[in-house]
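Visitor: Show me how the following folds:
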Amino acid sequence: MGGLRWVTLLVAAAVTAGPGVGVRLEPTGSAQAVRVRVLVETGQRGPGGTVFSELSDPSINNLGDVAFGAVSSPPSVREALYIISKGRLTRVVASGDPAPSGGRFTSFSDVQLSDRGTLVFLGRTTDRVGRLGLYLARQGRITPVAVTGQPAPSGGTFTDFANPTINSRDVVAFVGRTQGREGIFRSSEGAVAPAVLAGTPSPSGGEFQFFLDSSPAQNNRGEIAFVASTTTQAQGVYVLVGGRSATVATTDDVAPTGSLFTEFGFVTMTDAGTVGFVGRTARGTPREALYVTGRTELLPLARQGQQVGGEVLTTFVNTAMDSQEDVVFEPGTPDPIPRAVYVASRAGVRPLLVAGAPAPGGRHFRAFSTPSLNDRGQVALVAETDDGRHGIYVVTFR
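Guide: As a prediction, this is how the structure comes out:
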């Protein structure tokens, strides 16, 4: 696995984390200073004397704890999931460990960490029936939320899962698929129930069909935001409040840029009910923008073609929003490896980190991947430096 391709993993062992070397990047022009700290790097030794060779999927909670995935060796190559809390590195589970649903774990993805220190993740196993499952890890135990082959509360059996998320109350929301149908499900304390299903009426007309691109997002009040296709609309952004769906925007709506929306993605949501998303149009300028819901209209926070820090914004990927409606994002095309990370708010857009900026240890950053944001103005991400090493970094911008 070369370049900026990342993986994930979890078993119970603990070591002291790395030195946590940091730098302070001073402001330029109207920008604000940020503080950058490295938590762990490739080449560093982990639990059991293994050496990290790849890092991935950082998730930061409001306590500043960070979960991430890693590949390490020797004696054999293993994937594992880790948590760093109060400077201590703990391995939670690893490939080869027994899965509670049967078989042994082989790989992991989609790691999310709650404020209670609970991890939710997708795990693949050697079990022929339960080959894929959604699992929780907390207090040293791993428990299945749902696995393939298990009866679904909507009927049939689960065949696939995607996009798990967990809130501060340890409620898990995810996309689950059964034979010929899919839906968004919730799980709380072991009970799985459908939140919204394909085939149910959409508030914009027709019926829901598929749930798309980073859906669902949820807040701590039990509300869910999602992107879905319907039988009468190409796509829409919706919220589920009190068990009822409401429309935020659809492809029948005109964007603030004056052209009809054609596509949506990367939905986010705050406890106040603000919904953020990326919206695309076929005509007009810009063709793509990052929006949040206002009291009476959609507000674009960042637009394609906008000049920020001497660079022109292109497309928007891997967005994350905090309770203050700051949105962190990476630029998409044309560069397949993001060379910058930005933070957008109603006050404007500014670079958070850019290629060439100083990194801890006298090095310089070269590329970035998969930012995760908490409510304290801290961003956890994977970054590559000019010596070819990858690290899990925490960037503080408030």
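Visitor: how close does Arg91 sit to Phe108?
Guide: Noted for Arg91: a distance of 12 Å to Phe108, by C-beta to C-beta, to the nearest Å. From N, CA and C alone the C-beta is placed, and that goes for glycine too.
Visitor: How about Arg45?
Guide: On the measure of C-beta to C-beta, Arg45 and Phe108 end up 21 Å apart.
Visitor: before we move on, what about Arg35?
Guide: 30 Å.
Visitor: So those two - more neighbours on which side?
Guide: Ranked by neighbour count (other C-beta atoms under 10 Å), Arg35 and Phe108 place Phe108 first, with 26 against 14.
Visitor: Am I right that the more buried one falls within a strand?
Guide: Yes - looking at Phe108 with DSSP: H, G, I helix; E, B strand; the rest coil, it is inside a strand.
Visitor: I'd guessed it sits against Glu79; true?
Guide: Yes - the criterion here is C-beta atoms under 8 Å, and Phe108 meets it with Glu79 at 6.0 Å.
Visitor: Quick check: bridge partners of Ser229?
Guide: Phe210 (DSSP bridges).
Visitor: So it sits against Gln235, correct?
Guide: Yes - with contact defined as C-beta under 8 Å, Ser229 reaches Gln235; the gap is 5.4 Å.
Visitor: which one of those two has more residues nearby?
Guide: Between Ser229 and Gln235, counted using other C-beta under 10 Å, Gln235 has the larger neighbour count: 22 against 19.
Visitor: List phi and psi for the more buried one.
Guide: phi -160, psi 160 (degrees, to the nearest 10).
Visitor: For the stretch 101-250 of the chain, which residues score under the pLDDT cut-off?
Guide: Judged against pLDDT under 70, the stretch 101-250 of the chain has no low-scoring part.
Visitor: Flag every buried residue along stretch 290-301.
Guide: Within stretch 290-301, the residues scored as buried using 16 or more other C-beta atoms under 10 Å are 290-293, 298-301.
Visitor: and that stretch, C-alpha only, in PDB?
Guide: C-alpha atoms of stretch 290-301 as PDB (Å, rounded to 0.1, in the frame of the first residue of the first chain):
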ATOM      1  CA  LEU A 290     -20.200  24.100   0.000                       C
ATOM      2  CA  TYR A 291     -23.500  25.000   1.600                       C
ATOM      3  CA  VAL A 292     -25.100  25.300   5.000                       C
ATOM      4  CA  THR A 293     -28.700  25.800   5.900                       C
ATOM      5  CA  GLY A 294     -29.600  29.300   7.100                       C
ATOM      6  CA  ARG A 295     -32.900  30.500   8.600                       C
ATOM      7  CA  THR A 296     -34.500  31.200   5.300                       C
ATOM      8  CA  GLU A 297     -32.100  30.200   2.500                       C
ATOM      9  CA  LEU A 298     -29.000  28.100   1.700                       C
ATOM     10  CA  LEU A 299     -25.700  29.900   2.400                       C
ATOM     11  CA  PRO A 300     -22.600  29.100   0.300                       C
ATOM     12  CA  LEU A 301     -19.500  29.000   2.500                       C
END
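Visitor: Now do it: distance to the chain's middle.
Guide: Centroid displacement of stretch 290-301 relative to its chain, using C-alpha atoms, centre = their mean, to the nearest Å, is 21 Å.
Visitor: what's in contact with it?
Guide: The contact list for stretch 290-301 (C-beta atoms under 8 Å, 6 or more residues apart in numbering) reads 248-249, 255-257, 273-279, 289, 302-303, 316, 319, 321, 325, 327, 329, 344-346, 349.
Visitor: So among those residues, which ones count as buried?
Guide: Buried by 16+ other C-beta under 10 Å: 248-249, 255, 257, 274-279, 289, 302-303, 316, 319, 321, 325, 327, 329, 344-345, 349, out of the contacts of stretch 290-301.
Visitor: What about those residues, which are in strands?
Guide: 248-249, 275-279, 289, 302-303, 316, 319, 321, 327, 329, 344-345, 349 (DSSP state E).
Visitor: Go through the buried residues of stretch 290-301 and say which is closest to Ile392.
Guide: Leu290 (25.1 Å; C-beta to C-beta).
Visitor: Spit out the contact partners of the closest residue to that closest one other than its chain neighbours.
Guide: Distances taken as C-beta to C-beta, 6 or more residues apart in numbering place Ala302 nearest to Leu290, at 4.4 Å, with adjacent residues excluded. For Ala302, the contact set (C-beta under 8 Å, 6+ apart) comprises 289-290, 308, 313, 316, 327, 329, 342, 344, 349.
Visitor: mind running it again at 6 Å?
Guide: 290, 313, 344, 349 (C-beta atoms under 6 Å, 6 or more residues apart in numbering).
Visitor: Repeat that for Thr257.
Guide: Gly284.
Visitor: Can you give me the pLDDT of it?
Guide: According to the prediction, Thr257 has pLDDT 84.
Visitor: gap between it and Phe68?
Guide: In terms of C-beta to C-beta, Thr257 sits 37 Å off from Phe68.
Visitor: Could you do Thr251 as well?
Guide: Taking C-beta to C-beta, one finds Thr251 at 36 Å from Phe68.
Visitor: what sits opposite Ile166 in the beta ladder?
Guide: Where Ile166 sits in a bridge, its partners, by DSSP bridges, are Val172.
Visitor: and it, how many residues sit next to it?
Guide: Counted with other C-beta under 10 Å, Ile166 comes out at 25.
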